[in-house]
Each structure stands twice: as structure tokens, then as C-alpha cells.
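Engineer: everything below, folded, please.
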Amino acid sequence: MSIEVKNLLKIYGEQKAVNNISFQAGKGEIVGFLGPNGAGKSTTMKIITGYLKQDGGEAYVCGVNVNDNPLIVKKNIGYLPEGNSLYPDMYVKEYLSFIAEIHKVKNKVASIKETIELVGLTPESKKRIGQLSKGYKQRVGLAAALIHDPEVLILDEPTSGLDPNQIIEIRDVIKEQGKNKTVLFSTHILQEVEAMCDRVVIINKGKLVANDTLNNLQTKNKNNHSIIVQFKEPVSKIIIEKISPAEKKEELSESHFRITTTEPELVRKQILEVALQNNLNIVSLQSQNQSLEEIFRSLTQQAETVTGN
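Structural biologist: This next block holds a predicted model:
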């Protein structure tokens, strides 16, 4: 495994910022790392990258223990921290040359040119970093993380400050890099996770609450599974009320309804039976899986209930 975390623990005073979490990420995998503000995401990432020492547990990158060989680990990691500290008085190419020298990159000039093109920095590449917009500064940070072609990318809020078009461009860069690297990235834009990730890891108040594919999470958390049905003709609410089991029924129009259920297949069958019994014509019958936003809220709220908060 490119990233392996075992019972990781980090304590600040009486607070467990990271509370015995474990997960893995392999080569060619893009993993979304999610959690509310203060959940412990950035702390975990700093431990994996060797910028912060844990109080318990172990972290491995490409099979190397982070505490035992931090320099080797850092050679294998490209890290974009949340703060993205840069040198505002340096020019873009000058800064990337400085980072490339630290990593002892071969063919430095060619690598800088290729990385600048990769992250879409070409129009601004001759400017000082301090002159750049927040979005382009974020691209400089991403370029610095990629300049040495690492096996593992750790990206903390990589699309922060980008406009919608820039987000799509950086998303494409991350997806391309994820084909032959391991990518662990945190974000509050859950649509980004749905668009890019193979798997999600969710933590809340330092504890792991989910580690699975999005499809599996949607299957396991069906409380808000929606069935949307549209009939050709107006339908009485009395007829719709006969459909069960259903936790919620919404009338979108006199012929269009949304039914929330934990038993979607059974409800679909009920709808077909009701239509047949009442000589109704179904125009469309669609299922909507629970969104990642709904799953996220459900899991983190459940965790708070369990811990008594």
C-alpha cells in the first residue's frame, strides 16, 4: 500500500485530534478525505507527510515508516498544505526551480516547463507569486507538489480559491495523476469527491466513521433513497398514500411524486401495482441514490449522537 495508517493518535492537551484511526490507499487510487471543520483531517495529513509527529500508532508511505525515515518519505510525497505558504517575492519559475533543486530533480528546466503547462500556469508563469490571484497561487502550490513526480499526492483543499472553470481544470489534472499515483485529498466541495474519487474516508472529531466506496456507502445508507414517479394523468393523493413502505411522500405536481424509502425495490413494485389497478400510465420511474452530502451529514451526525455531543 502507498499509504497505510494504523491506529493513529494525536492529542492536544485533553483533546484527541486524531483518535486511533486506520485506513489504507493504494497506487492508482484517488481517496477523498472528508470531515467537518476540526475533524482532524489536516492533522492526519501532516502526520502522514512527516510534518507532525503522532502520539500513537504508525503511518507508512510506500512501505516506509514516516518516523523512521522521514526524508525518504518526503521524497515520495507531493504535499499541498491547506495554508499553501509561498514566497511572494519570488517569480513562479524561480520558486519552482528552488523546489526542484531541493528534490534534486533531473532535467530541471524541462520538468518546470512540463509542470507549469500541466497545472495551467503558463499565462502567469513570468510573474511574481505575490502578483497572482488566489487561484493561481493555488496552482503554484500544486505545481510544487508535482515537480518531482512523486508516487503519492497529499492535497489539502486543492481547489480552494478557484473559480468553477479552474476547478474543472484542476480536477482533470488530479484525475490524470490518479491513474498511476496514490492521491489523498481533502475538500469541502463534495461534488468534487463524487466526480473524482474511487473511495472516501470520513472522520468526525478525530474518529473514523466511514471508509468505503461511494456506491457501497449509498447502499448501506438508504434512509433517504428517493423514487420519483411521473404519471401521464393527474393522480389522487389517496392512491399515492397506499404505496408503502415510505418515510416521506412529496407531491411535485398533480401527476409527479417523490417517495422517500428504505426499501426502494419494494416501493417500485408497489407503484407498478397501483398503476395497473387504477389504469394509470407511468411516464417515468426513476431512482435516486442518497447523495454524498446526505451520507456525510448522516454519518457525522450519528457520530456526534454516539459520543453524546
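Engineer: OK, contacts around the residue nearest the centre of the chain?
Structural biologist: Among the residues of the chain, the one closest to the centroid is residue 32, at 2.8 Å (C-alpha atoms, centre = their mean). The contact partners of residue 32, by C-beta atoms under 8 Å, 6 or more residues apart in numbering, come to 185-187, 192-193, 196-197, 199-201. In this view, the C-beta of every residue, glycine as well, is placed from N, C-alpha and C.
Engineer: can you list the weak-confidence ranges in this structure?
Structural biologist: 219, 221-224, 289-290, 302-309 (pLDDT under 70).
Engineer: let me see the domain layout of it.
Structural biologist: 3-219, 222-289 (automatic domain parsing).
Engineer: sorry, back to before: direction included, what does the strand or helix carrying the residue nearest to the centre of the chain pair up with?
Structural biologist: Taking DSSP states H and E as the definition, residue 32 sits inside strand 30-34. Each strand paired with strand 30-34, and its direction, by DSSP bridges: strand 182-186 (parallel), strand 199-204 (parallel).
Engineer: next SSE downstream of the shortest one?
Structural biologist: To tie it back to what came earlier, the one meant is strand 182-186. Downstream of strand 182-186, the next assigned helix or strand under DSSP H and E is helix 190-196.
Engineer: helices and strands around that next one, which ones?
Structural biologist: With contacts taken as 3 or more C-beta pairs under 8 Å, 6 or more residues apart in numbering; DSSP states H and E, helix 190-196 sits against strand 30-34, helix 164-177, helix 292-307.
Engineer: ok so, going back, okay, the contacts of residue 32 in TSV with distance to residue 28 and neighbour count next?
Structural biologist: Converted to TSV, the contacts of residue 32 look like this (distance: C-beta to C-beta, whole Å; neighbours: other C-beta atoms under 10 Å):
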residue	distance to residue 28	neighbour count
185	15	25
186	20	23
187	20	21
192	19	20
193	17	24
196	13	18
197	13	24
199	12	21
200	16	23
201	17	24
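Engineer: turn those residues into TSV, including distance to residue 169.
Structural biologist: Listed next are the contacts of residue 32 as TSV, based on distance: C-beta to C-beta, whole Å:
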residue	distance to residue 169
185	15
186	19
187	15
192	12
193	17
196	13
197	18
199	23
200	23
201	25
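Engineer: am I right that residue 228 sits in a strand?
Structural biologist: Yes: remark: residue 228 belongs to a strand, assigned using DSSP: H, G, I helix; E, B strand; the rest coil.
Engineer: so which residues of the stretch 101-250 of the chain form helices?
Structural biologist: Secondary structure of the stretch 101-250 of the chain (DSSP state H, counting those that start in this stretch): helices at 108-118, 134-146, 164-177, 190-196, 214-220, 237-241.
Engineer: single out the most deeply packed of these.
Structural biologist: helix 134-146 (a mean of 22; mean count of other C-beta atoms under 10 Å).
Engineer: may I have that one as CSV, with CA atoms only?
Structural biologist: Output in CSV follows, covering the C-alpha atoms of helix 134-146 (Å, rounded to 0.1, in the frame of the first residue of the first chain):
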residue,chain,number,x,y,z
LYS,A,134,-5.5,33.2,-5.0
GLY,A,135,-6.5,30.7,-7.7
TYR,A,136,-3.2,30.9,-9.5
LYS,A,137,-1.3,30.8,-6.2
GLN,A,138,-3.1,27.5,-5.5
ARG,A,139,-1.8,26.3,-8.9
VAL,A,140,1.7,27.2,-7.9
GLY,A,141,1.4,25.1,-4.8
LEU,A,142,0.0,22.2,-6.8
ALA,A,143,2.9,22.5,-9.3
ALA,A,144,5.4,22.4,-6.4
ALA,A,145,3.8,19.2,-5.2
LEU,A,146,4.1,17.6,-8.6
